[in-house]
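Peer 1: just the structure for this:
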Amino acid sequence: MKNIELRLVSELMKNGRRSDRELAKAIGVSQPTVTRLRSNLEKIGIIKEYTIIPDFTKLGFEILAIILIRRPKDVSAAELDKLMAMGQEIAKKKGAKTILALRGIGLDYDVAVISVHENYASFLEVLEGIREFPSSDAQSIQSFVISLKDEVQYRALTFSHLTNYLKEKSDRR
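Peer 2: Next comes the predicted model:
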């Protein structure tokens, strides 16, 4: 990416509601340049969406969970798709809202799910539903549960630290 594109992405991550005129002033280019750059970044998929980061507790969620799942080794792609659909249905029935579900590698697990739950009981219902998957056992699923009401936060969910990195990266070029 070009420096100007990095600076634009950084500014949009700080506040995606700003006008192209405000963004142009912030990064030192013309408004038509920002409009063209933004359109191109959207087209090539660097900018996927414009969104907010809500306060999940004020939306009625008390728990954030990170669930690690070890998929059975002998599962075909079609069976895996079926298992993923089952997982989505379980989460929907139990009131969980999945933020992220991706394949990965680490700690001998290969799927990570991050979700928010209204309370600990609803989280346990989702966990039990996942454990009902074919070929799953207690060792194939691990979780890390975070109380969103905990007053101690080492770093709240925000992208501001990434915006600083992008700015520093563009300054080094």
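
Peer 1: domains for the chain, by residue range?
Peer 2: If you go by automatic domain parsing, the domain ranges for the chain are 3-53+159-172, 62-147.

Peer 1: now for those domains, which one comes closest to residue 153?
Peer 2: Residue 153 lies closest to domain 62-147 among the domains of the chain, at 9.6 Å (CB to CB). In this view, the C-beta of every residue, glycine as well, is placed from N, C-alpha and C.

Peer 1: now the end-to-end length of the closest one.
Peer 2: 6 Å (CA to CA, to the nearest Å).

Peer 1: what secondary structure does the most centrally placed residue in the chain sit in?
Peer 2: In the chain, the centroid-proximal residue (CA atoms, centre = their mean) is residue 100; its distance is 4.9 Å. Under DSSP: H, G, I helix; E, B strand; the rest coil, residue 100 falls in the strand class.

Peer 1: just list the residues touching it, thanks.
Peer 2: Residues in contact with residue 100 (CB atoms under 8 Å, 6 or more residues apart in numbering) are 112-114.

Peer 1: quick one: which of those is most hemmed in?
Peer 2: residue 113 (21 neighbours; other CB atoms under 10 Å).

Peer 1: what packs against the helix or strand harbouring that one?
Peer 2: Using DSSP states H and E, residue 113 maps to strand 109-117. Other elements packing on strand 109-117 under the criterion 3 or more CB pairs under 8 Å, 6 or more residues apart in numbering; DSSP states H and E are strand 63-69, strand 97-106, helix 120-131.

Peer 1: just the buried residues of the shortest one, please?
Peer 2: Along strand 63-69, these residues count as buried under the neighbour rule (16 or more other CB atoms under 10 Å): 63-65, 67-69.
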